[in-house]
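Engineer: Structure for this input, please:
(2 chains)
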2 protein chains.
Amino acid sequence: VPADAIPKEWAVGFTPVVQAPRLAAALGLRRLMLKDDGRNPTASFKDRASSVAVALAVAEGAKAISCASTGNAASSLAGYAAMAGLPAFIFVPANAPEPKLAQLLLYGAKVFCVQGTYDEAYCLSRAACERFGWYNRNCAINPYLVEGKKTAGLEIAEQCADDVPDWVAVGVGDGCTIAGVWKGLRQMHEIGLLERLPRMLGVQAAGVAPIEEAFRTGRPPGEVKGDTLADSINVPVPRNWRKAVAAVRESGGTFVTATDEEILAAMRQTGTLAGVLAEPAAAASVAGLVAGRAKEIVGPDETALAMITGSALKDTRNAIRAGGAPTRIGPSLDEVERVVRVGV
Amino acid sequence: VPADAIPKEWAVGFTPVVQAPRLAAALGLRRLMLKDDGRNPTASFKDRASSVAVALAVAEGAKAISCASTGNAASSLAGYAAMAGLPAFIFVPANAPEPKLAQLLLYGAKVFCVQGTYDEAYCLSRAACERFGWYNRNCAINPYLVEGKKTAGLEIAEQCADDVPDWVAVGVGDGCTIAGVWKGLRQMHEIGLLERLPRMLGVQAAGVAPIEEAFRTGRPPGEVKGDTLADSINVPVPRNWRKAVAAVRESGGTFVTATDEEILAAMRQTGTLAGVLAEPAAAASVAGLVAGRAKEIVGPDETALAMITGSALKDTRNAIRAGGAPTRIGPSLDEVERVVRVGV
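Structural biologist: Numbering: from 1, shown residues only, chains lettered A, B, ... in the order given. Prediction:
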């Protein structure tokens, strides 16, 4: 890739590592940090992969770029394609919710709502890439994207070099995110910039946990019958489960699961006690630390970093479910006082 | 304020100035930059004021903080209060839309839905601050907040010192944002870090333009009868109109208006041609540059910077209105080809 193929503006830049002392106390951890990837340009971790994909597509002279997704991968691709002036063709299943389309359409992507399943949308995207010569950003078949994803690990290593966390918790859907973070951490350790490696805590939704099962049983993932509201990790057939299992095992870590209720509670705790907006799949990392503490996998004297992989602004419906209801009062100071007196 | 009253994590940090060459070409400008304040911690410009308010409240030993707002000021205050561990009491009118409440509730603010008008909610907030000793963040009466808002001007001066834009365009509601940006720019000029000053282009919604009228007529703002979908600048009775008029006049600039249709078109252009998500009030700055070019206020050889004061993720309903509809197809490559052939 020629250096000038990648304009400076596409750089993701460091996302902040936020110290969360009150959330740490609530979870019973010595110290907790949140790596807030909701602060990326399109508000998710996926920007790390899309910036690489779009830069490569431009360098190869591609006339357009494509993927199949309703989630963060698609909105991220659409955003980076808009920055680069590259047409983007996004294939989504017909039942994709409107808010998920908003970001795609505002970035000017051409969005095909395919009357069919997600798998049909995926196959159509791949076939269209072949027929029209579009660059294919579908993660499962593009080996370069992990090089973008690993930048989260590189950043964590640099930002936490003075006090390496004992655990790095990551919500797991397809498996490529946790594998990417681990690759970055390991490379920083190999070149001596990180004196020791954290253990990786992979967190799956209790309803959709094929990789946790594979890790536990040593067998390939079986059929998934449950569901989860955490759409970004709702991946019943993960394509990168081997990389995720290998990364967690190599780190000396483990997998845990969290129910939807636990994920919603973690969303609220993360917002209330740390001022960080996490979408459900992002709050899963915090919910996993709660589970890890309850099972004594993670000790009270240990420190942790939770990857916040996307902003709750991308999923206001579940933000409202997690946040609770406002207090309705008349325009009277006495009514305010009554509420304040009973405690907040 | 003692230095340690303000933890490092509360810092807003520089928001990016994005070069937008394709949007510049579409608008007929020599160069266009976007100052993307949607990238602030709670996704709006208001974080610049809230960080100051919360830091002062902590320094003064306040037990809680309060404001009346349904918009970015409230969600920003709730976020910074959560970061600081300070209880926040937010008063909103009973008709506040649910998505606007999501951010407040997720940050753990105590939200009072007041059965009454916005003015009743505002007065109740002020009265509660007095009775309970809460810190009052209501902008109109807190003189410190402009010191936060001016940081946008300080940053623009530093980021654009080598090539000062001829114009800085800002959407105008209450008037305090454009006055704050101007204060920062002017101070950087006074100390010699900015070699010349840009002209300020104040942009109001055509339906709610009392400050534009005051600027044009030289009289105080009259009664407003129109409306606008750009909620963050929908301020029929602006409290800081004098500061806004004075800032624009001092800069040698002017005011323009943009219709809701022009604002929606600017949202789409900003997303599609620059990859930046702007809420309606934020895209008003871009719509104002379009109007400025049409009226030959802004010349084709001139350069401009548009303040993007909030992210479109805060207003997905209007994002969908601006973005347009997806293309519905069956799962067949021929259907894709037919759409691609007729052009995108």
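
Engineer: What residue in the stretch 151-300 of chain A comes nearest to chain B?
Structural biologist: When distances are taken as CB to the nearest CB, the stretch 151-300 of chain A approaches chain B most closely through A:Thr272, which lies 2.9 Å from it. Every C-beta, even on glycine, is put in place using the N, C-alpha and C of the backbone.

Engineer: hang on, that residue packs against B:Gly79?
Structural biologist: No - taking CB atoms under 8 Å as the definition, A:Thr272 is not a contact partner of B:Gly79, at 10.5 Å.

Engineer: Name the residues contacting each of the two.
Structural biologist: Shared between the contact lists of A:Thr272 and B:Gly79 (criterion: CB atoms under 8 Å, 6 or more residues apart in numbering or on different chains) are residues B:Tyr107.

Engineer: more crowded one of the two?
Structural biologist: Ranked by neighbour count (other CB atoms under 10 Å in any protein chain shown), A:Thr272 and B:Gly79 place B:Gly79 first, with 32 against 24.

Engineer: so how many other residues sit close to A:Val339?
Structural biologist: Residues lying near A:Val339 (other CB under 10 Å) number 14.

Engineer: what do you get for A:Pro300?
Structural biologist: As a burial measure, the neighbour count of A:Pro300 was computed by other CB under 10 Å and equals 10.

Engineer: For B:Thr228, see how far away it is.
Structural biologist: Distance of A:Pro300 to B:Thr228, given as CB to CB, to the nearest Å: 53 Å.

Engineer: okay, which residue is most central for chain A?
Structural biologist: Per CA atoms, centre = their mean, the C-alpha nearest to the average position across chain A is that of A:Thr309, at 3.1 Å.

Engineer: my guess is that one meets A:Asp37, correct?
Structural biologist: Yes - using CB under 8 Å as the test, A:Thr309 is close enough to A:Asp37 to be in contact (5.4 Å).

Engineer: Quick check: neighbours shared by those two?
Structural biologist: Residues within reach of A:Thr309 and of A:Asp37 at once, by CB under 8 Å, 6+ apart, are A:44-45, A:282.

Engineer: Among these, which one lies nearest to A:Gly85?
Structural biologist: For those, the closest approach to A:Gly85 (CB to CB) belongs to A:Ser44, at 21.7 Å.

Engineer: Checking the closest residue to A:Ala102 other than its chain neighbours next. Helix, strand or coil?
Structural biologist: Counting by CB to CB, 6 or more residues apart in numbering or on different chains, the nearest residue to A:Ala102 once its immediate chain neighbours are dropped is B:Ala319, at 4.1 Å. Applying DSSP: H, G, I helix; E, B strand; the rest coil to B:Ala319 yields a three-state assignment of helix.

Engineer: What is the burial count for B:Ala319?
Structural biologist: 27.

Engineer: Then A:Phe14?
Structural biologist: 14.

Engineer: What separation do you get for it and A:Glu155?
Structural biologist: To A:Glu155, A:Phe14 is 5 Å away according to CB to CB.

Engineer: same check, this time on A:Ala127
Structural biologist: The spacing between A:Ala127 and A:Glu155, counted by CB to CB, is 36 Å.

Engineer: which of those two has more neighbours?
Structural biologist: In this view A:Ala127 and A:Glu155 are compared by other CB under 10 Å, and A:Glu155 has more residues nearby, 22 against 15.
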